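J.: Pasting the sequence and the predicted model now:
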Amino acid sequence: MRLELHNATVKDVQWSEKTCLKDNVLYVNREEAIKVVAEDENFSDVQLDLARPGESVRIIPVKDAVEPRIKLEGGTSFFPGFCAPMEPVGEGATFVLKGACVLTCGPIVAFQEGFIDMSGPASPYNPFSGTNNVVIVAKPVEDLEKHAYEKSLREAGLKLSIYLADQCKETKADDVEVFDKGTILEENNQYPDLPKITYFCMSITQGLLHDTFLYGADMKHIVPTLVHPNEILDGAMVSGNCVSACDKNTTFHHVNDPIVLELYKRHGKEINFLGVIPTLESTVLAGKERSTWMNANLARQLGADGVVISEEGYGNPDTDLCMNAKKCEDWGIKTVVISDEAAGVDGSSQGLADATPEMTGFVSAGNVNEMIEVPAMEKIIGFPESIAFLSGGASDSLREDGSMYVELQSIIGSTNELGFSKLGCEWV
Amino acid sequence: MTFRVVHYINQFYAGMGGEDTAHVAPSSREGVVGPGLQLQNLLEGEGEVVGTIICGDSYYGENMEKAQAECIEMIKAFEPDILIAGPGFNAGRYGVACGDICAAAGEQLGIPTVTALFAENPGVEMYQKKTFIVETTDSARGMRKALPNMVTLSLKLLKNEKLGPAKEEGYLSRGIRKGFFHEQTGAERAMDMLLKKIRGEEFETELEMPVFKKIKPAAPVKDLSKATIAICTSGGIVPFGNPDHIRVSSAEKYGKYNISELTDLTPENYESIHGGYDRVYANDNPDVVLPLDVMREMEKEGVFGKLHEFVYCTTGTGTAVANAESFGQSIGKDLKEAGVDAVILTAT
């Protein structure tokens, strides 16, 4: 399976009469772009705003982040099951507006959105302070049920990102990345001596606004399955969840999954990358048992020597993490997990809700409770008072001068458990 | 500015003798004594050892409170910016004394403190959360390496410089987790670690697995029909308006609410403030998380004796285990004093 990512670099974003990419500047026709989103009758008002790296801008509360992409060859549109027909992805060519991002924002959907500062001390903690962002602020019609609002806002982000990519796709890409990997049999024949590695991508599937989608399927109703890594890079997974901002995998994170990219980089050199197993975090024990047994069994059937396991969220899913690690290790399959810690604001509390002695390889993505002081920003996109209701915020977080004292938890992607950032915890 | 350093040592390093003189009471001398001379040299003018406190190991060990108070007075008299104790290597009583005087000086005088011990010295486990303990070898042969590490760390503390992880700074961790930006992403680190693990090479996990405390369950209730039952929740159900401002996540307190006049939780009287689940249904009917309605029915039917007049509520998402433990102990004590026989805990 061969996928080409045609990356067109975006270094700035500006309003214009025509939506296009010129000299690495993304120009957006505001009215036209609003129309793409505002057609949804669940919205009473849709505004668009821009936020660029280094600006004194705070965006709050942010639900999802989406990188503008569209198929050039080997498929239609993007995100099968949502904006594209139900068709396989991962082959052909895909156009990417690299350095641009669509952010979805609105009066609080639930409580587990987060904020993004485009400059200042919070900016190193998330990727979106470094992207040129088109921000949707969409208000729901009166009395709209929250689940309907979440769905509309989720789809608004996908639609706008595809619109932007579609308008720019004729522009020549700055670079082309190729992801080419054959069937498992072919790769095993080619690299018989390299350790065989697979990857469990644990995803929040708890329902009640905590959902992830695979080819449009609500993952809480699936059993774990094997996909080619190209499918992940090409829009098979979509975030629909409102879990704590720090460790939710946004849709942006899925198409840029750093574990997939890292495994690919080493494929054929140090390892033989077998594929990705998107899996569940069930709310009930039988569900946890079922999915972790199936994950370990899939790894065993594939002949895996090792597995990288990523978590999404903290607390309850710590149990799924332990069960996945334990079952693999018991069958002699080596594991390393990536997870964050909830070690308390002073860092002295025990950081995991569950533990198992087999989990000997642990990569820490940071302490979600660690406090950070962020200054006031000159411009606010969204609703600053919502910090009182966000996980990691409190009623006294927002001060009169506009500065905030909050947990890292409230920053989108700050302790991402796909290992996206360089943050980690150490003993002091 | 030259920092004022006070150095604590035992009778042996002061040249007063070994076990035979271990009972000497604390004494104070101006300037350096014994290993303090090398400390002074290593400070290279940035700090001055203005005084040395000497105490016999047995004296300190056998009269800890008294010895500590006497030493603190002597240290205080020098108006120091920092206290350096030892190194104590693997000497048990000396290690405990170094740890104890450092912890006390930190708490009572508000100054930074540094000592140096072998990792297995009993003083480490007792005091590592309260002072900086530089890691040493088990004997005085490690003196030449220990002293520069102590001085480097001391100067960083005195100058309020940012410290790196304990293992990089060379001290034994104080049991605190802190965020740092590594050179590699988490994904890169995970892959390196997995390859080492597969190849059977040595690798270092970034978090050792904690060992959970095992709580012994209470004996079963003998006669339910006479029992007083309480209900508690970490599901974030609170009186409407959240009067105690309990946080939506990472709770730092719990609330205690009188429900003796209530038979049902409704959107008018109670609500959910929990930040970890979709509150739509719990706000529609808070009984689904804190089942007051069912408990009242069962109380009426005589299934159990009496429903306790208070409920205890907090949010259990992102809540530090240390906080949860203290809530539990405090609620448990309260319930026991009120004569409650059993409690139903609901979580979400």
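T.: Everything's here; your move. Residues are numbered from 1 along each chain as shown, chains lettered A, B, ... in the order given.
J.: Looks like B:Met16 contacts B:Ile54 (just checking).
T.: Yes: with contact defined as Cβ atoms under 8 Å, B:Met16 and B:Ile54 form a contacting pair (7.1 Å). Using the backbone N, CA and C atoms, a C-beta is placed for each residue, glycine as well.
J.: Which one of these two is surrounded by more residues?
T.: A count of neighbours by other Cβ atoms under 10 Å in any protein chain shown puts B:Ile54 above the other of B:Met16 and B:Ile54, at 24 against 18.
J.: would you say that one is within a strand?
T.: Yes: the assignment for B:Ile54 (DSSP: H, G, I helix; E, B strand; the rest coil) places it in a strand.
J.: The chain: helices as residue ranges?
T.: Answering for chain A, as no chain was given. A:30-38, A:146-168, A:184-190, A:229-233, A:251-255, A:258-266, A:285-301, A:317-330 (DSSP state H).
J.: Switch to chain B, please.
T.: Counting by DSSP H, the helices of chain B are B:36-43, B:57-62, B:64-77, B:92-109, B:122-127, B:143-158, B:166-169, B:186-199, B:280-284, B:292-301, B:321-337.
J.: in the longest one, what counts as buried?
T.: Translated: helix B:92-109. Taking 16 or more other Cβ atoms under 10 Å in any protein chain shown as the neighbour-count basis, helix B:92-109 is seen to contain the buried residues B:93-106, B:109.
J.: got it, and the third one?
T.: Taking 16+ other Cβ under 10 Å as the basis for neighbour counts, the residues of helix B:64-77 that come out buried are B:67-68, B:70-72, B:74-75.
J.: Could you count how many residues lie near residue 4?
T.: With no chain named, the answer covers chain A. Neighbours of A:Glu4 (other Cβ under 10 Å): 19.
J.: that's the other chain; I wanted chain B
T.: The burial count assigned to B:Arg4 is 17, neighbours taken as other Cβ under 10 Å.
J.: For chain A, see how far away B:Gly276 is.
T.: Noted for B:Gly276: a distance of 7 Å to chain A, by Cβ to the nearest Cβ, to the nearest Å.
J.: I should have written B:Glu208 there, sorry.
T.: As defined by Cβ to the nearest Cβ, B:Glu208 lies at a distance of 8 Å from chain A.
J.: nearest spatial neighbour of that residue, skipping sequence neighbours?
T.: Nearest in space to B:Glu208, with sequence neighbours left out and distances taken as Cβ to Cβ, 6 or more residues apart in numbering or on different chains, is A:Phe362 at 8.0 Å.
J.: which stretches of the stretch 51-200 of chain A form strands?
T.: A:57-66, A:69-73, A:92-98, A:100-105, A:114-117, A:132-140, A:175-180, A:196-204 (DSSP state E, counting those that start in this stretch).
J.: Now do the contacts for A:Val368.
T.: For A:Val368, the contacting residues are A:244, A:246-247, A:314, A:340-342, A:392, A:407-409, A:414-415, B:318, by Cβ atoms under 8 Å, 6 or more residues apart in numbering or on different chains.
J.: coming back round to it: can you pull the contacts of the residue nearest to B:Glu208?
T.: Contacts of A:Phe362 (Cβ under 8 Å, 6+ apart): A:336-337, A:339, B:205-209.
J.: Now do the contacts for residue 293.
T.: Going with chain A. Taking Cβ under 8 Å, 6+ apart, one finds A:Lys327 in contact with A:Trp293.
J.: look at chain B instead
T.: Applying Cβ under 8 Å, 6+ apart, one finds that B:Asp293 lies in contact with B:263-265, B:287.
J.: Going through those, which ones are buried?
T.: Looks like the contacts of B:Asp293 have B:265, B:287 buried, using 16+ other Cβ under 10 Å.
J.: Go back to the contacts of B:Asp293 and keep what's next to chain A.
T.: Within the set of these, contact with chain A (Cβ under 8 Å from any Cβ of the partner chain) is found for no member.
J.: of all the contacts of B:Asp293, which two lie farthest apart?
T.: By the measure Cβ to Cβ, the contacts of B:Asp293 have their two most distant members at B:Thr263 and B:Asp287, which lie 10.2 Å apart.
J.: ok, the residue in chain A that chain B sits nearest to - how many residues close by?
T.: Proximity of chain A to chain B (Cβ to the nearest Cβ) peaks at A:Gly419, 2.5 Å away. Using other Cβ under 10 Å as the criterion, A:Gly419 is surrounded by 28 other residues.
J.: ok, it - contacts?
T.: A:Gly419 makes contact with A:258-259, A:262, A:310, A:338, A:363, A:365, B:185-190 under the criterion Cβ under 8 Å, 6+ apart.
J.: Among the contacts of A:Phe362, which are located in strands?
T.: Using DSSP state E, A:336-337, A:339 are the members of these that sit in strands.
J.: on that earlier part again, can you add mean pLDDT and distance to A:Glu231 and give the strands of the stretch 51-200 of chain A back as JSON lines?
T.: As requested, the strands of the stretch 51-200 of chain A are arranged in JSON lines below (pLDDT from 0 to 100; distance: least, Cβ to Cβ, whole Å):
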{"stretch": "strand A:57-66", "mean pLDDT": "97", "distance to A:Glu231": "17"}
{"stretch": "strand A:69-73", "mean pLDDT": "98", "distance to A:Glu231": "13"}
{"stretch": "strand A:92-98", "mean pLDDT": "98", "distance to A:Glu231": "12"}
{"stretch": "strand A:100-105", "mean pLDDT": "97", "distance to A:Glu231": "21"}
{"stretch": "strand A:114-117", "mean pLDDT": "97", "distance to A:Glu231": "27"}
{"stretch": "strand A:132-140", "mean pLDDT": "97", "distance to A:Glu231": "26"}
{"stretch": "strand A:175-180", "mean pLDDT": "98", "distance to A:Glu231": "11"}
{"stretch": "strand A:196-204", "mean pLDDT": "98", "distance to A:Glu231": "11"}
